[in-house]
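Colleague: My questions are about this predicted structure, shown below with the sequence.
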Protein chains: 2
Amino acid sequence: MRLFMDIAKALADETRVRILAALRRQELCVCQIVELAQLAPSTVSKHMTVLRQARLVDSRKEGRWIYYRLADTAAPSAVQEGLTWVWASLRGDSRIKEDKKKLQSILKMGTEQLCKKQNQR
Amino acid sequence: MRLFMDIAKALADETRVRILAALRRQELCVCQIVELAQLAPSTVSKHMTVLRQARLVDSRKEGRWIYYRLADTAAPSAVQEGLTWVWASLRGDSRIKEDKKKLQSILKMGTEQLCKKQNQR
DNA sequence: CCTATAATTCGCCAAATGACGAATTATAAT
DNA sequence: ATTATAATTCGTCATTTGGCGAATTATAGG
């Protein structure tokens, strides 16, 4: 029950679901997610902690950047089946589509350039 | 996105998940759920509203009693696939098993007798 | 070594959530 | 009609949650 509830709670926030959907194509570092979600880094960081606690994402460190990716096939089945449910339910969702477009432009500019831009604010 | 989030939020509370699991075998009236969950009727009522809003349950009125049952095959696929995920993830869960046992004794005593017992408190 | 910076942790606040009891509504029974 | 009662709605409260900025940590680069 514990893991299941962690997953369900993690999925009960729209921002986190949008982040998961964004991670579906490729891994992302925090500053890229910040740009997508238009939230403070500290807020995104907290969301990522919730998602990792639920085993929905994994992370790896590369220099100063931390990259998050979707849980892989090594994840518990509750996680994998949960994600399957999410994808099926959000197929064609307009919000997710918008995010996908926005992501493309975020990915076009390099990671360094993106972080610079954020510091200017 | 809207319905999906309603479902995800509805599933993000352990009491509600337990109620859903209890409904898997048979429909239940509110007083039976009150007995199972050991919560105030008003609290259970609110939970049921959340579950119905998410389309996870339907209800029917019979006299003074309102019976809730799991969503059937007419429900949106997000609901059905969500429930499939729940069942798969909670298979063998000890809390759900305990509830199942408790439910049996609740079902043994008639509905009227049960409500009387609650009024005594 | 020292500075810059990507990310996290911490402390705080506003909003949402889950709980209860009291009041209300609707139905059954006297 | 009046009373009893199953369930809901309402008002209130404590806890949790999601957000931010400031402080902290860890790594890259001058």
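Modeller: Received the coordinates, thanks. Note that the coordinates shown come from a computational prediction; the quantities given were computed from them, not determined experimentally.

Colleague: The helix or strand where A:Leu36 lies near DNA strand C at all?
Modeller: Using DSSP states H and E, A:Leu36 falls within helix A:30-37. Yes - interface with DNA strand C: helix A:30-37 contributes A:30-31, A:34 (C-beta under 7 Å from any atom of the strand). Quick note: C-beta positions are derived from backbone N, CA and C, even for glycine.

Colleague: Now tabulate the residues you listed in CSV and tack on distance to A:Lys97.
Modeller: Formatted as CSV, these follow (distance: C-beta to C-beta, whole Å):
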residue, distance to A:Lys97
A:Val30, 23
A:Cys31, 23
A:Val34, 20
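
Colleague: Which residues does the helix holding A:Leu36 contact?
Modeller: With contacts defined as C-beta atoms under 8 Å, 6 or more residues apart in numbering or on different chains, helix A:30-37 is touched by A:15, A:18-19, A:22, A:28, A:40-41, A:44-45, A:48, A:65-66, A:68, A:99, A:102-103, A:106-107, A:111, A:114-115, A:118.

Colleague: quick one: the helices in chain A?
Modeller: For chain A, helices defined by DSSP state H occupy the ranges A:2-11, A:14-22, A:30-37, A:41-53, A:77-90, A:94-108, A:111-119.

Colleague: among those helices, which gets the worst mean confidence?
Modeller: Mean pLDDT is lowest for helix A:111-119 among the helices of chain A, at a mean of 62.

Colleague: Tell me if stretch A:88-96 is near DNA strand D.
Modeller: No - Stretch A:88-96 lies out of reach of DNA strand D by C-beta under 7 Å from any atom of the strand, never closer than 13.7 Å.

Colleague: Residues touching that stretch, excluding its own?
Modeller: A:14, A:17-18, A:21, B:1, B:3-4, B:7, B:77-78, B:81-82.

Colleague: What about those, which one has the most neighbours?
Modeller: Within the contacts of stretch A:88-96, B:Gly82 tops the neighbour count with 30 neighbours, counted by other C-beta atoms under 10 Å in any protein chain shown.

Colleague: Contacts only, for the residue nearest to that one when sequence neighbours are not counted.
Modeller: Excluding the flanking residues, the one nearest B:Gly82 by C-beta to C-beta, 6 or more residues apart in numbering or on different chains is B:Ile7, at 5.0 Å. Each residue near B:Ile7 by C-beta under 8 Å, 6+ apart is listed here: A:89, B:54-56, B:78-79, B:82.
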